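Undergrad: Give me coordinates for this.
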Amino acid sequence: MIGPVIRPIRNTRPGTLLAGAVITSLSIAASISAASEPDHGHQSRSATNDRPASVSNSRWPTWPDYLRALTLQDYNTRIVVIGTTLLGAAAGVIGTFAYLRKRAMVGDALSHSTLPGIAVAFLITESKSLGALLLGAAVSGALGVFCVIGLGRFRRIKVDAAIGIVLSVFFGMGMVLMTIIQKMQTGNQAGLDRFIYGKSAGMILSDALLIGAAAVGVALGSVLFFKEFRLVCFDADFGASLGRSPLVIDALMMTLVVVTTVVGLQAVGLILVVALLIIPAASARFWTDNLRRMTVLAALFGAVSCWIGATFSALVSNVPTGAVIVVCAGFVFFLSMLFAPLRGLAAELFRQATLRRRIAYQNLMRAMAEREEQDGTGAASTFNELLLKRSWTASTLKSLLRRGQRLQEVAKLSFDRYALTRPGRLKADRVLRNHRLWEAYLIRHADIAPSHVDRDADMIEHILSPELVRELESTLSAGGEIPPSPHGEVVRQP
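TA: Down below sits the predicted model:
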């Protein structure tokens, strides 16, 4: 039974970090490219005083300008912020499933596949009707997605190759059609390029309502089919055994991705819309292993990125809204990658450092217990003797001994002589017993020579759970005593 909890896979974390960093870097690079295009939508609005006064000149925004933008007092700012925020929430929700289904780059192929549909819709209607253009984008984008899925499923082409083929061919077709439109006597492509880079400043009330309706539809679809999406994301074969077709569920999921992508074209453009689908989900993955919480966090991160980006763009003139939104999403991603308490880099480094300190201290306990086993209870160990036991530095050993004294588990008898206290002896005996149990198990059941078993046991003994220790005791028929060292007496096969 598949629950809502995502099982963390530790050995794939570097790949996840690298993939997220690459997607973010490419998105920010595209943002810089988009920034070279002036945001004419903002400029056209500023003449009507629908935006803060700061955007109509070169001065830096003042506190009243910030307050005016944050409270959405201007009509155009209100429309843009609300519309893009709803888009970010919708993209975060469905992007979570696309990310976990490993369909991240399919969204990139989808967004680039919309360009020929936009051009064809313009050629047929000879108008720039938003509804017609978006319908063409939806049809073309859906065709591109199904080409990717079909090539990967039926022609034995790897998904990455299929994505590259579809992305390049469809985008090339779109650019050819855009060139043809530019040379036509009936019209030119002026205004259509907003679907490439995005022109959210030109958003009107009907656009915001369309995005809102799409966001609600995507959210409802994700809730209604949450179990199916979860099933296909984690175990598609198990879902197929239950009679749930992974192909149908994939098609439904990608339909919601198509809807989100199409309505996001005007806001951030086809180059950057993939960032809204992937970056919030990748950011949320650092914070939780629970699918429901991850979906909510992805929607929150997407919405906050869009809100901050649109607000900043409203305050500073000639700054493309879509580009700023993606940069904000990238900033959230890097913060999550560094500081998230569950899977963030800082938390991981802290856990690794803590584990290394715990292992080093347990090794000290075992070394002192082995000395007592050899010379009798209460036998003291000198500093130099302990230093030779492991590849410790003098400063590391001093730190470990000070820790033992703080915990009242090690007593300092003289200048360089140390002994275990009663609580320390109990802990040291437990560590030594776990080590010997694992040594005996490896010798009996893994056929490892006694001369080599110490190193293998040393890597495992520190993570033995109480349940595993009890299982070892049962398997080896061990009592409560510490088993003898196999290096002095070989543990023979029964």
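
Undergrad: Please count neighbours and contacts with C-alpha atoms only from this point.
TA: Fine.

Undergrad: residue ranges with poor pLDDT in the stretch 1-150 of the chain?
TA: 1-59 (pLDDT under 70).

Undergrad: so what's residue 280 closest to, chain neighbours aside?
TA: Across the structure, with C-alpha to C-alpha, 6 or more residues apart in numbering as the measure, the residue nearest residue 280 apart from its sequence neighbours is residue 298 (4.8 Å).

Undergrad: again with residue 418
TA: The spatial neighbour of residue 418 that comes closest, neighbours along the chain excluded (C-alpha to C-alpha, 6+ apart), is residue 412 at 4.6 Å.

Undergrad: Might you report the residue contacts of that neighbour?
TA: When contacts are counted by C-alpha atoms under 8 Å, 6 or more residues apart in numbering, residue 412 is found next to 405, 418, 419.

Undergrad: looking at the sheet around the second one, what are its partners?
TA: To tie it back to what came earlier, the one meant is residue 418. residue 381, residue 412 (DSSP bridges).

Undergrad: Surely it touches residue 385?
TA: No: Residue 418 is beyond contact range of residue 385, at 10.4 Å (criterion: C-alpha atoms under 8 Å).

Undergrad: Same drill for the two, tell me which one is more crowded.
TA: Set side by side, residue 418 and residue 385 show more neighbours around residue 418, with 21 against 14, by other C-alpha atoms under 10 Å.

Undergrad: quick one, what contacts the more buried one?
TA: For residue 418, the contact set (C-alpha under 8 Å, 6+ apart) comprises 380, 381, 382, 383, 410, 411, 412.

Undergrad: With pLDDT and distance to residue 366 as added columns, please give those residues in JSON lines.
TA: Rendered in JSON lines, the data for the contacts of residue 418 read as follows (pLDDT from 0 to 100; distance: C-alpha to C-alpha, whole Å):
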{"residue": "380", "pLDDT": "91", "distance to residue 366": "13"}
{"residue": "381", "pLDDT": "90", "distance to residue 366": "12"}
{"residue": "382", "pLDDT": "91", "distance to residue 366": "15"}
{"residue": "383", "pLDDT": "92", "distance to residue 366": "15"}
{"residue": "410", "pLDDT": "94", "distance to residue 366": "12"}
{"residue": "411", "pLDDT": "94", "distance to residue 366": "15"}
{"residue": "412", "pLDDT": "92", "distance to residue 366": "17"}
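
Undergrad: so which of those residues comes closest to residue 237?
TA: residue 410 (55.1 Å; C-alpha to C-alpha).

Undergrad: what number of residues lie near that closest one?
TA: For residue 410, the count of nearby residues is 23 (other C-alpha under 10 Å).

Undergrad: what's the answer for residue 326, then?
TA: Tallying neighbours of residue 326 according to other C-alpha under 10 Å, which is how burial is gauged here, yields 28.

Undergrad: counting contacts, what elements does whichever strand or helix holds it pack onto?
TA: Secondary structure from DSSP states H and E places residue 326 in helix 321-339. Where contact means 3 or more C-alpha pairs under 8 Å, 6 or more residues apart in numbering; DSSP states H and E, helix 321-339 is packed against helix 13-35, helix 246-285, helix 291-315, helix 345-375.

Undergrad: in it, what counts as buried?
TA: 321-334, 336-339 (16 or more other C-alpha atoms under 10 Å).

Undergrad: if I look at residue 87, how far off is residue 260?
TA: As judged by C-alpha to C-alpha, to the nearest Å, residue 87 and residue 260 stand 7 Å apart.

Undergrad: what is in contact with these two at once?
TA: Taking C-alpha under 8 Å, 6+ apart as the contact rule, residue 87 and residue 260 both touch residue 215.

Undergrad: Compare these two (neighbour count), which wins?
TA: Per other C-alpha under 10 Å, whichever of residue 87 and residue 260 has more neighbours is residue 87, with 32 against 29.

Undergrad: quick one, what contacts the more buried one?
TA: Neighbour list for residue 87: 211, 212, 215, 260, 263, 264, 302, 303, 306 [criterion: C-alpha under 8 Å, 6+ apart].

Undergrad: surely the last one meets residue 85?
TA: The one in question is residue 306. Yes: A contact is recorded between residue 306 and residue 85 when judged using C-alpha under 8 Å, the distance being 5.0 Å.

Undergrad: between the two, who's got more neighbours?
TA: More neighbours sit around residue 306 than around the other of residue 306 and residue 85, counting by other C-alpha under 10 Å; the figures are 33 against 29.

Undergrad: Need the pLDDT of the more buried one.
TA: At residue 306, the model reports a pLDDT of 92.

Undergrad: sorry, back to before: quick one: average pLDDT of the helix holding residue 326?
TA: Helix 321-339 shows a mean pLDDT of 91 in the predicted model.

Undergrad: Report the angle between it and helix 291-315.
TA: On the basis of axes from the mean of the first three to the mean of the last three C-alpha atoms, to 10 degrees, helix 321-339 is oriented at 130 degrees to helix 291-315.

Undergrad: and the angle from helix 321-339 to helix 246-285?
TA: With the same axes, to 10 degrees as the basis, helix 321-339 and helix 246-285 are set at 70 degrees to each other.

Undergrad: what angle do helix 321-339 and helix 345-375 make?
TA: Using the same axes, to 10 degrees, the direction of helix 321-339 lies 10 degrees away from that of helix 345-375.

Undergrad: could you dump helix 321-339 to CSV, C-alpha only?
TA: Listed next in CSV are the C-alpha coordinates belonging to helix 321-339 (Å, rounded to 0.1, in the frame of the first residue of the first chain):
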residue,chain,number,x,y,z
THR,A,321,7.8,40.6,-14.7
GLY,A,322,8.3,37.1,-15.9
ALA,A,323,12.0,37.3,-15.5
VAL,A,324,11.8,38.7,-12.0
ILE,A,325,9.4,36.0,-11.0
VAL,A,326,11.8,33.3,-12.1
VAL,A,327,14.7,34.9,-10.3
CYS,A,328,12.6,35.0,-7.1
ALA,A,329,11.7,31.3,-7.6
GLY,A,330,15.4,30.6,-8.0
PHE,A,331,16.2,32.4,-4.9
VAL,A,332,13.6,30.4,-2.9
PHE,A,333,15.2,27.2,-4.4
PHE,A,334,18.7,28.1,-3.3
LEU,A,335,17.5,29.1,0.2
SER,A,336,15.7,25.7,0.4
MET,A,337,18.7,23.8,-0.9
LEU,A,338,20.9,25.4,1.7
PHE,A,339,18.8,25.8,4.8
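
Undergrad: tell me how far that helix is from the chain's mean position?
TA: 12 Å (C-alpha atoms, centre = their mean, to the nearest Å).

Undergrad: show me what contacts residue 81?
TA: Under the criterion of C-alpha under 8 Å, 6+ apart, the neighbours of residue 81 are 306, 307, 310, 311.

Undergrad: For it, give me the backbone phi and psi.
TA: Taking degrees, to the nearest 10, you get phi -60, psi -50 for the backbone angles of residue 81.

Undergrad: Leaving out the residues flanking it, which one is nearest to residue 429?
TA: If the residues on either side of it in the chain are set aside, residue 429 comes closest to residue 369, at 6.4 Å by C-alpha to C-alpha, 6+ apart.

Undergrad: Contact partners for the one you found?
TA: Per C-alpha under 8 Å, 6+ apart, neighbours of residue 369: 420, 425, 428, 429, 432.

Undergrad: Just the ones in helices from the residues you listed, please.
TA: Using DSSP state H, the subset of the contacts of residue 369 located in helices is 425, 428, 429, 432.

Undergrad: For the first one, grab the count of nearby residues.
TA: Which is residue 425. For residue 425, the number of neighbouring residues by other C-alpha under 10 Å comes to 21.

Undergrad: repeat for the second one
TA: A count of nearby residues for residue 428, using other C-alpha under 10 Å, gives 25.

Undergrad: That one against residue 362, yeah?
TA: Yes: distance between residue 428 and residue 362: 7.3 Å, which falls inside the contact criterion (C-alpha under 8 Å).
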